[in-house]
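>>> give me a model of this one.
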Amino acid sequence: MQNQSKDPLHGITLQKIVETLVDYYGFDTLGELIPVKCFNSNPSVKSSLTFLRKTDWARKKVEELYIKTLPKLR
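Numbers count the residues shown, from 1 in each chain. Presented below is the predicted three-dimensional model:
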């Protein structure tokens, strides 16, 4: 029997999380849900990843939103 992680983020990259959220919400709505400059001012996946990799509290908010959004994606 294989042990599988119960963590919904297991094996998912930050880039995949950001791309999925941008595809689902768009940067405008994402910037309203998580008010950080990288989503509101000249947004791009690349600039968002740079910011989120340096900023733990913002990354945590993005990961929490992704987990809440998962049921809507299925």
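>>> give the burial count for residue 69, as a bare number.
Residues lying near residue 69 (other Cβ atoms under 10 Å) number 15. Quick note: C-beta positions are derived from backbone N, CA and C, even for glycine.
>>> in this structure it contacts residue 29, no?
No. Residue 69 is not in contact with residue 29 according to Cβ atoms under 8 Å; the separation is 11.1 Å.
>>> where do the strands of this structure begin and end?
In the chain, no segments count as strands under DSSP state E.
>>> low-confidence regions, it specifically.
For the chain, the stretches with pLDDT under 70 are 1-4.
>>> buried stuff in the biggest helix by length in it?
In the chain, assigned by DSSP state H, the helix with the most residues is helix 14-33. By neighbour count with 16 or more other Cβ atoms under 10 Å, helix 14-33 contains the buried residues 14, 17-18, 21-22, 25, 27, 30-31.
>>> I'd like to know which of these is nearest to residue 55.
residue 14 (11.6 Å; Cβ to Cβ).
>>> and the closest one, what does it touch?
49, 52-53, 59, 62 (Cβ atoms under 8 Å, 6 or more residues apart in numbering).
>>> quick one: which of those residues is most hemmed in?
Busiest of the contacts of residue 14 [other Cβ under 10 Å] is residue 52, holding 24 neighbours.
>>> quick check: closest non-adjacent residue to it.
residue 59 (4.5 Å; Cβ to Cβ, 6 or more residues apart in numbering).
>>> same check on residue 63?
Nearest to residue 63 is residue 9, by Cβ to Cβ, 6+ apart, at 6.0 Å.
>>> surely that neighbour and residue 70 touch.
No. Counting by Cβ under 8 Å, residue 9 sits too far from residue 70 to count as a contact (9.8 Å).
>>> before we move on, back to that, look up how far residue 65 lies from the residue nearest to residue 52.
11 Å (Cβ to Cβ, to the nearest Å).
>>> before we move on, what about residue 22?
Remark: distance between residue 22 and residue 65 (Cβ to Cβ) = 11 Å.
>>> that's all I had, so thanks and see you.
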